[in-house]
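Asks: have a look; sequence and predicted model below, questions after that.
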Amino acid sequence: MVQFSEEKLNKVKEIIARYPDGKQKSALLPVLHLAQETFDGWLSSETMDYVATLLHLEPIEVYEVATFYSMYNLAPVGKYVFEVCQTGPCMLRGSDDIIAYIRQTLGINVGETTADGLFTLKTVECLGACGYAPMMQLGKHYREHLTPAKVDEIIAECRAKHA
Amino acid sequence: MGRKLLLDKAHIPGIRYYDTYRGNGGYAAAEKALKGMTPDQVLDEVKKSGLRGRGGAGFPTGMKWSFIAKPEGVPRYLVCNADESEPGTFKDRYLMEFIPHILIEGLIISSYTLGANTCYIYIRGEYAWIPEILEEAIADAKKNGWLGKNIQGSGFDLEIYVQRGAGAYICGEETALIESLEGKRGNPRIKPPFPAVKGLWQSPTVVNNVETLAAVVPILNIGGEEYAKIGIGKSTGTKLISACGNINKPGVYEIEMNISVEEFIYSEEYCGGIPNGKRLKACIPGGSSVPILPANLLFKTAKGDTRMMTYESLSDGGFATGTMMGSGGFIVLDEDQCVVKNTLTFARFYRHESCGQCSPCREGTGWMEKVLKNIETGKGKMSDIDLLWDIQRKIEGNTICPLGDAAAWPVAAAIRHFRDEFEWHITHPEEAQVRNFGLAHYADPLPVAAVPA
């Protein structure tokens, strides 16, 4: 059963308090972020229903928002999600080659997860790191100026954390 | 060395933290406003400065502020647009990450001027580490009496909250941002009513970009008239430019709006020229949505004058010979780059980011991407170029928000200035297919615009 800890429920209350009385729907995006971080990196129907209950919303109000924004995962993902930017400025600095290298190294295509459940590869549109291209987002942080050697280091770092 | 007003303290170690910022003259502008000026006096200084919105539209900030409705008993809101999502643009990230207190100070002054007691910073969701930096800065400002009740004994109350978006470019459009802040899909609203009358929760709301709000701090420090002396004509003050693509020194630069485009690209102080001695092919100076200009139009205006880094000079002659300042996302392409492929990546971006409300945008962006993909991979027909032209024309001006224009303009400019390159892809399908995998260069030399003197 999906359930936030006491600490996270307090965080939800704190978020709701940022808005005027009766405007708790504004807390939806932050609470969905919190839910995704808490429940294995994705939003199941059960999780979205739970969020609806917490914010006194209809489940459909949560579904329509969760399906609109690209940062919410609606299916399971790997423990480490490589989100590689492929838009113009990154393309000019070789993002195609970086994506090809990650595909080859991990043996997966874009949108897939490795068999061990560790890595998911995604391509994304501009992440606002155009001067530090090519780059990817990994969790809450950006990994910039990517080269094949840096990709190798990042993969090794993730594997070491998991070991 | 150009004058710095926003990044003048950027080199100081620890400027991210309150004590260092305050110790180096920080919050002096807020003090000046709250303790010695009425809101109307602050507004007057902002008007005198000639500050134009730094998010892309370039609308005069003082005028925008003066539109806010003031009904009795209804709260007013200031929303800081930190949803920086325009490809090529990463300047606001720099300010928030490294000098967060200049934004907080700007928000205090701006909220005071507008009579807003609550301010939200709506930040793009992908900048996931920056809310922590901003929240730390907000907490420190509050601890030191710059936020909360009766700020510095002025009688003015203000709370600032950070709201994270979740990956939708359209939320950079002010009404879509407001919808998102209300916990909905980021669908733009039809205007009027404008947010200044009915914005967040139907209350009067001003939405301004990060750089715009931060710029209020130096305006109060040096005075509106002094600020207006920097730059040329209606392009007053300094502007942050985020430079990227094929240049030696990508990064965020603060320029006085009185230098030439050529100086910006080639001087060591800024971009440092093109890597490996390659020639300049084209430039998109204001983020992905503004028209691309070939090098032979980039350094001279339609009138034959030196093209300057100003709103007016960059747009001189309209889209036939000019482009736009936009957000200041400066993207440089060297002679090896394929304009068709570059245009395709932007078409894909806009298709991906269209909210889907308007048919011309929803259908047209996808259609443009498909046609461009065909041309880029050598599967196109000559008639596809005219088809692309027709599609972009049917999108432009026919949508609720400017995303349609943003999607159409890059395609139109690419065809207008680089039609021969589109034709090359169609007449050289085998080479185009190989080129698409990034394994070889073109067999024939591509048309390259004139090399700057």
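Replies: Received it, and whenever you're ready, just let me know what you need.

Asks: so for stretch A:3-20, what gets flagged as buried?
Replies: A:4, A:11, A:12, A:15, A:16, A:18, A:19 (16 or more other C-beta atoms under 10 Å in any protein chain shown). All C-beta atoms are positioned from the backbone trio N, CA, C, and that covers glycine.

Asks: does the last one really touch residue A:28, like I thought?
Replies: It stands for residue A:19. No - applying C-beta atoms under 8 Å, one finds residue A:19 not in contact with residue A:28, separated by 10.5 Å.

Asks: any part of whichever strand or helix holds residue B:221 near chain A?
Replies: Secondary-structure assignment from DSSP states H and E places residue B:221 in helix B:210-222. No - residues of helix B:210-222 contacting chain A under C-beta under 8 Å from any C-beta of the partner chain: none, with a closest distance of 11.7 Å.

Asks: tell me where chain A has helices.
Replies: A:6-16, A:28-38, A:45-55, A:59-66, A:88-92, A:95-106, A:148-162 (DSSP state H).

Asks: er, the stretch 1-150 of chain B actually
Replies: Assigned by DSSP state H, counting those that start in this stretch, the stretch 1-150 of chain B shows helices spanning B:18-23, B:28-36, B:39-49, B:61-66, B:91-98, B:100-114, B:130-143.

Asks: now the angle between helix B:91-98 and the longest one, please.
Replies: Orientation note: helix B:100-114 sits at an angle of 110 degrees relative to helix B:91-98 (axes from the mean of the first three to the mean of the last three C-alpha atoms, to 10 degrees).

Asks: extract the C-alpha trace of helix B:100-114 and format it as PDB.
Replies: In PDB, the C-alpha atoms belonging to helix B:100-114 read as follows (Å, rounded to 0.1, in the frame of the first residue of the first chain):
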ATOM      1  CA  PRO B 100      20.600  34.000  -5.700                       C
ATOM      2  CA  HIS B 101      20.400  37.000  -3.400                       C
ATOM      3  CA  ILE B 102      20.400  39.500  -6.200                       C
ATOM      4  CA  LEU B 103      17.100  37.800  -7.300                       C
ATOM      5  CA  ILE B 104      15.700  37.800  -3.800                       C
ATOM      6  CA  GLU B 105      16.600  41.500  -3.500                       C
ATOM      7  CA  GLY B 106      15.000  42.200  -6.800                       C
ATOM      8  CA  LEU B 107      11.800  40.400  -5.800                       C
ATOM      9  CA  ILE B 108      11.600  42.400  -2.600                       C
ATOM     10  CA  ILE B 109      11.900  45.700  -4.400                       C
ATOM     11  CA  SER B 110       9.500  44.600  -7.200                       C
ATOM     12  CA  SER B 111       6.900  43.200  -4.800                       C
ATOM     13  CA  TYR B 112       7.000  46.400  -2.700                       C
ATOM     14  CA  THR B 113       6.500  48.500  -5.900                       C
ATOM     15  CA  LEU B 114       3.500  46.300  -7.000                       C
END
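
Asks: domain map for chain B?
Replies: With domains defined by the TED database, chain B comprises B:18-229, B:232-334, B:339-439.

Asks: which among the ones you listed is found nearest to residue A:56?
Replies: domain B:18-229 (11.7 Å; C-beta to C-beta).

Asks: show the average pLDDT along the closest one.
Replies: Mean pLDDT, domain B:18-229: 96.

Asks: kindly check the end-to-end length of it for me.
Replies: Chord length of domain B:18-229, first to last residue, is 30 Å (C-alpha to C-alpha, to the nearest Å).

Asks: what do you get for stretch A:136-148?
Replies: With C-alpha to C-alpha as the measure, the ends of stretch A:136-148 fall 13 Å from one another.

Asks: residues in contact with that stretch?
Replies: Residues outside stretch A:136-148 that contact it (C-beta atoms under 8 Å, 6 or more residues apart in numbering or on different chains): A:80-85, A:98, A:101, A:124, A:127, A:129, A:132-135, A:150, A:154, A:158, B:126, B:128-129.

Asks: which of those fall in strands?
Replies: Secondary structure assignment (DSSP state E) places A:80, A:81, A:82, A:83, A:84, A:85, A:124 from these within strands.
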